[in-house]
Structures are given as C-alpha cells and as structure tokens.
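Q: Sharing a sequence plus its predicted fold:
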Amino acid sequence: MQDVPVHLRRSPGPSFKSIAAKDAVLPAAHFFEEKPFFEGTQDIPVSRYTSREFFDLEKEHVWRQVWQMACREEHVPVVGDTYIYDICDMSFVIVRSAENTIRAFWNVCNHRGRQLVSQPGRMKVLRCPFHGFTWNLDGSLAFVPTEWDFPHIEGDDFGLHEVQVDVWGGFVFIKPRPVDEGGETLTEYLGEIVDHFAPWHMETRFVEAHVAKVFNANWKVVEEAFMESFHVAGTHPQQMVRLGDVNTQYDCYENFSRALHPSGTPSPLLNWVPTEQEMLESLLDVREGEEAPVQIPEGETLRSFAAQIGRAALRPAIGDEADAVSDAELIDAMEYTILPNFHPWASYQRAVYRFRPHGDSHEQAVMEVMLISPFEGERPAPAKCAWLGVDEPWTKPDVLGITGRILDQDSTNIAKLQVGLRSAPIAGLRMSSYQESRIRHFHAWLEKRIAAGEVK
Ligand SMILES: [Fe+2]
C-alpha cells in the first residue's frame, strides 16, 4: 500500500462494483462508474463550524443563492394550499396558485414587513393579519385597505416578491432569486442525478413518516455525520457483520455526491468471517438467544435471498417493473447528497434527510427524516412532522423503525462534536483522503460558492 499514491488507496476486501457485478440482476451502468474526489489532504478549518462570520458567508452566498428542497409537492396538493419554508432568518411561502402551478414568495408583507403567512393552510388569498393588505395566489396585489391613503401604491410594482421554484421527483425546490433573474435552472443544477433517479419515480411516493430533531451543533456537523461509513465500526459496530463499511465507494459530481455501501459482505475490519445466515440475522437485528424468523435456503447468499424478498415486496406497488430492479438497489445502502443539505437515499430505501441551521443559529441545527413510500390506490395524506428537542430520541415517535435506533447511535456523537470543536486546541480537522472525500468535496463546493461572491 505504501507504494500506491494516496488518492488511489482503497480498503482491502471486495469493492462495491465487484460485488454488484456478480449479482443476478445488474444495476444501471452509472453504478459501475467511479468519480473519486481528491484535491489534497489539507485540514478543514475548525472555524467552518464555530464562527459566526463563516455562517454569515454561507447565508449570503449559499442559502440566498442556490436551489434547495423546500417541501414535497403533496404538501400543497390543492389550489390555495400553502407551506412555509424557513431557512436561517429567511421565510418563504410555497403556494399552489393553480392546478398545475406552484409558486414561491418571500413570506413578507410589502406594507410593514410582517411575516405574511404564519399559519399555513388552504387559502383563497394571502392576507396580512396586521392591516389586511391582500395578494392573490399568483402574487398580484388584490386589496389595499383605506386605498385613499395609498395613492402611491401602484398595483404592478406592489406584487409579492416571487422567487424561483421548480419540482423534481415530487420535491419542490426553491432558489431565493427573483424569477426574472434566470440563471441556473433546477435541472441544470441537479445534473446527472436526474438520470440516476429516473427509474425510482420519487414523485409517485408519499411521506409516510416525518420527524425533525434539534441538535446543539452547527448544521454541517450534523450533515457530515451522514456522509461516510468510516464511523460504522465506532458508532454502529452491529452493522459490521454484513456491511462492507470501509469498502464503500464515494463519488463526487458537480452539485451532488454519493456513497455506495456494499451489503451482504462483512466489514474487512472484522476479525472473524460470518456465514450468510449470520449476516441475515444481523440485518434483521436478531438478538443473542432469539430464533431467526427465516433461514437462507441452501445455495443462496444473503444478497440473492434479500433481493428476491425485496422484489416480491415491491410487486404490489410497481408490478412487473420489480423484475428489473437490481439486487444492489434492493439490498445495498446507496445514499446521495444534493448540496448543500438534501440527502435522498436511492432506489426504494425510502429515507430522505434534510439538514438546516435551526433558525439563524450557527450552533444549532435541525435534521429531518422523511420516509417516502410507494402506495397503492389514492395517495395518502403526508405525515405531519413530529418535532424532537435536543434530548429526545429518534425512537420516541415510533415511526422510523430500525432507522430510529441507528440514528440514536449517530446522535450520541453530534452534540459532543460541537463541544469539542468549540474548545479545540487545533485549527483544523484532519479528514481522510478517500473515505471522507464527500466532506472534502462539500467544503470545496462551499469555498467555490463563497469565493464566487456576488455571482448569482
Ligand atoms: Fe451513522
């Protein structure tokens, strides 16, 4: 290994690609592409997580400029439905203004600046509760109270301040820039991920569960805890039996990155070799002394067996399309990150994460988890968001299943990270070259946005 240049070094053990290549149903060609990111091994400055100045730069050059996921389309299913999306000290209102049109506005009354919509719901017009100034759902001015006193308001230039909005995969994204400013479209911003996700029809899902939790940590501290599986041995050791943690493939594209974690293969860090049945029992969380509910049939592997079960489970929702779903899509953990803060899991793995500063704080964050699931028949209403405080576990709402237990393991690190960073005797974090390359790519992306300054 000493002779191999640092950017080419990989863990011993089978790679994601070599495992997937042996499956009965192969995944799409892009799963066999590698896009490693390497721009050196310099430390990541601690101030990125602790300084108010850096947070303000992010606000100006990231949150005010880029496409970001605001809500699901099903949060505003009917004309007049509204949804509030807040980011840092900014508030936006998402409105279904016509059957096939969703608009987004700065959530501000043009008169005295009150937050326009405080209680989202179904509305005929957008009316400020302070004095009654009213706008139509398309943002045009509808009513000026005591109009005689406002001869200086001319309807055309007193419309709401509309921002750019577009929908991908059932997710409503906004870019907080004026609609007439143009610039990069959502499709351009997303790039190749649109093709990667096309087979999974995310727009045909519904929000089955939605939980938000507050953390005492910078938003990137929380997000970066979910960008590598190097921490599995330390934080989730129970997964090592059937997860190739340090064999994970990390790929970085323009505005997104991904981690392909091979499953049905043990961690190379494990000092024993589990059987296929032991790997299954780990996957099903069968505890010591408990009877396994199923046995892997003779001649099958965990991958082939789990793929068959996964296909059968999908059939009611997607019919014969289930036959074309690859083994990897059914068993491997494939996480994507659309920068800056949106993590949809690939395939049918249902989980979607979003990370934001909590209000305008650089030392508090909110992580949201949605489970978006296929459904039969009429689309069920989206789950209401259950909010958890800093001391409440993910398992409290009892809607996330085993994911909640794993997230609780992650949570143990997060507040402690901020405590350590605040008092750090070091100026920088020494991240690895490959396994933490998605975090390095994220920081390179932030640096590029911030350096671009006023570039919109
Ligand atoms: Fe984790």
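A: Received the coordinates, thanks. Numbers count the residues shown, from 1 in each chain.
Q: if we look at the longest helix that the chain contains, which residues are touching it?
A: Ranked by residue count under DSSP state H, the longest helix found in the chain is helix 402-422. With contact meaning CB atoms under 8 Å, 6 or more residues apart in numbering, helix 402-422 is reached by 46, 49-50, 211, 213, 215-218, 221-222, 225-226, 231, 235-236, 239, 285, 351, 363, 369, 371, 390, 393-395, 397-398, 400. In short, each C-beta sits where N, CA and C put it, glycine included.
Q: And the helix or strand that it is followed by, what does it pack against?
A: Downstream of helix 402-422, the first helix or strand assigned by DSSP states H and E is strand 428-429. When contacts are defined as 3 or more CB pairs under 8 Å, 6 or more residues apart in numbering; DSSP states H and E, strand 428-429 sits against strand 44-45.
Q: For stretch 111-123, which outside residues touch it?
A: 78, 80-84, 91, 93, 95, 105, 107-109, 126, 128-131, 133, 135, 137, 160.
Q: Please disregard the earlier target; I meant stretch 154-169.
A: 67, 70, 73, 92, 94, 102-106, 108, 110, 116, 126, 135, 139-141, 144, 172-179, 181, 183, 185-187, 190, 194, 197, 200-203, 344.
Q: again with stretch 428-441
A: For stretch 428-441, the external contacting residues (CB under 8 Å, 6+ apart) are 6-7, 9-10, 36-39, 41-46, 224, 227-230, 246, 248, 250, 252, 257-259, 337.
Q: Can you give me the buried ones in it?
A: Across stretch 428-441, burial judged by 16 or more other CB atoms under 10 Å covers 429, 431, 433-441.
Q: Narrow the contacts of stretch 111-123 to those that are buried.
A: With burial judged by 16+ other CB under 10 Å, the buried subset of the contacts of stretch 111-123 is 80-84, 91, 93, 95, 105, 107-109, 126, 128, 133, 135, 137, 160.
Q: what about the helices in the chain?
A: 16-20, 47-50, 52-58, 186-190, 193-197, 219-224, 232-235, 276-283, 302-318, 327-331, 402-422, 437-451.
Q: Need the ones you listed in TSV (columns: distance to G359 and mean pLDDT).
A: Rendered in TSV, the data for these read as follows (distance: least, CB to CB, whole Å; pLDDT from 0 to 100):
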stretch	distance to G359	mean pLDDT
helix 16-20	39	96
helix 47-50	17	97
helix 52-58	12	97
helix 186-190	26	98
helix 193-197	29	98
helix 219-224	11	98
helix 232-235	28	97
helix 276-283	39	93
helix 302-318	38	92
helix 327-331	38	96
helix 402-422	16	95
helix 437-451	20	97
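Q: Kindly reformat the ones you listed as TSV containing distance to H358.
A: Output for those, formatted as TSV (distance: least, CB to CB, whole Å):
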stretch	distance to H358
helix 16-20	35
helix 47-50	14
helix 52-58	12
helix 186-190	25
helix 193-197	27
helix 219-224	8
helix 232-235	23
helix 276-283	34
helix 302-318	35
helix 327-331	34
helix 402-422	12
helix 437-451	19
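Q: Of all those helices, which one comes closest to A29?
A: helix 193-197 (10.2 Å; CB to CB).
Q: mind listing what's buried in the closest one?
A: Quick answer for helix 193-197 (16+ other CB under 10 Å): 193, 196-197.
Q: How far does it sit from its chain's centre?
A: Centroid separation for helix 193-197 versus its chain: 15 Å, with CA atoms, centre = their mean, to the nearest Å.
Q: try stretch 35-48
A: 21 Å.
Q: For that stretch, buried residues please.
A: In stretch 35-48, counting by 16+ other CB under 10 Å, buried: 37, 44, 46, 48.
Q: Contacts for that stretch, please.
A: Residues contacting stretch 35-48 (CB under 8 Å, 6+ apart): 6-7, 53-54, 218, 220, 250-253, 257, 421, 424, 426-431, 433-434, 437-441, 443-444, 446.
Q: Can you give me the end-to-end span of it?
A: 25 Å (CA to CA, to the nearest Å).
Q: One more: stretch 328-342?
A: Per CA to CA, the first residue of stretch 328-342 is 22 Å away from its last.
Q: could I get the buried residues of helix 193-197 as JSON lines with distance to L407?
A: What follows is those, written out as JSON lines (distance: CB to CB, whole Å):
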{"residue": "I193", "distance to L407": "24"}
{"residue": "H196", "distance to L407": "25"}
{"residue": "F197", "distance to L407": "23"}
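Q: Tell me which two of the buried residues of stretch 35-48 sit farthest apart.
A: By the measure CB to CB, F37 and V46 form the most distant pair in those, at 21.5 Å.
Q: before we move on, the earlier item: closest to P380 out of the buried residues of stretch 428-441?
A: Nearest member of the buried residues of stretch 428-441 to P380, counting by CB to CB, is R438, at 33.5 Å.
Q: what about that closest one, distance to S432?
A: 11 Å (CB to CB, to the nearest Å).
Q: and what of S263?
A: 22 Å.
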